[in-house]
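S.K.: Just need the structure, nothing else, for what follows:
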Amino acid sequence: MTPKFAVFGQPIAHSKSPYIHQAFAAQRSQSLAYERIGPEENEFEDAVRTFFAEGGKGANVTLPFKERAYAMCEVRTERAEQAQAVNTLWMEKGILHGDNTDGAGLLADMIRNLNWKLINKRILVVGAGGAVRGVLGCLLTAGAEEVVITNRTYERAQGLAEQFSLRAVALEDLHQEAPFHIIINGTSASLAGEGLALPSSLLAENACCYDMMYGEETPFMQWAQRHGAQVSDGLGMLVQQAAESFYRWHNWRPATMAVLQSMRQQV
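M.R.: Down below sits the predicted model:
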């Protein structure tokens, strides 16, 4: 029987996960079914239970259900506990397990794909929502000199800073900061085509700027390019976090570069 996998989200029609996982499976001549499932907001938990009851082997979870997936799991990995959000589900002995592969995917893209150096660098993370919560724990393992967080609502940044033992800075006080080597945009501003009004003094020489969104050149990326920074969107993170999920389910780590290059051509 062909093993069944799925991604849950709303909206979900745009998801690239079926393509990515089928491309990974093709590397080992494996056949699998991978579908998109978009339950109504009040139907998520029932949809997940039904999927596994009908033989599902593993599932990814995207917006807006990651926190609810976390709440459903009886067993969670350490990085899922840190993020308080889950994007990878599987069953073991009838018990629902959860992991969060977003942070590992971000690091793999920046370090292995982009060849960015994080050790002894100052990193600024913009945003305090679920996307940022999912990557902070992994960022703190990368050997950075300092990780600082900022957000339009300072209280949310302060809450995350306390949880992860970081320093929070209000947006209006960023002009007082020393330059950063890496700036990561994890806000929803790019979805709305909005800029972030960041001072150019934040950019160190040869700075790198990463937008966790993908699919188009965002205002944040355009701002970074105007000031001479290296830039990347989050497509590589998408592929790398999927590879982490694939490894979790199949105990086999796929090659990612050819899949990423193929997706770049599609985008």
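
S.K.: Tell me which helix or strand in this protein has the weakest average pLDDT.
M.R.: helix 130-139 (a mean of 90; mean pLDDT, DSSP states H and E).

S.K.: After it, which helix or strand is next?
M.R.: Heading C-terminal from helix 130-139, the first helix or strand you meet, by DSSP states H and E, is strand 146-151.

S.K.: what angle do that next one and helix 130-139 make?
M.R.: Orientation check (axes from the mean of the first three to the mean of the last three CA atoms, to 10 degrees): strand 146-151 against helix 130-139 gives 170 degrees.

S.K.: contacts for strand 146-151?
M.R.: By CB atoms under 8 Å, 6 or more residues apart in numbering, the residues outside strand 146-151 that reach it are 122-128, 132, 136, 139-140, 157, 160-161, 166-171, 174, 177, 180, 187. To be clear about C-beta, it is placed using only N, CA and C from the backbone, and glycine gets the same treatment.

S.K.: quick revisit: need the contact partners of the least confident helix or strand of the chain.
M.R.: In contact with helix 130-139 (CB under 8 Å, 6+ apart) are residues 63, 66-67, 79, 82-85, 87, 100, 102-104, 106-107, 118, 123, 125, 147, 149, 160, 164, 166, 184, 186, 212.

S.K.: How about the most centrally placed residue in the chain: what's its closest non-neighbour residue?
M.R.: Central residue of the chain (CA atoms, centre = their mean): residue 102, 3.6 Å from the mean position. Nearest non-adjacent residue to residue 102, counting by CB to CB, 6 or more residues apart in numbering: residue 134, 3.8 Å away.

S.K.: Next, count neighbours for the one you found.
M.R.: Burial of residue 134 is recorded as 28 neighbouring residues (other CB atoms under 10 Å).
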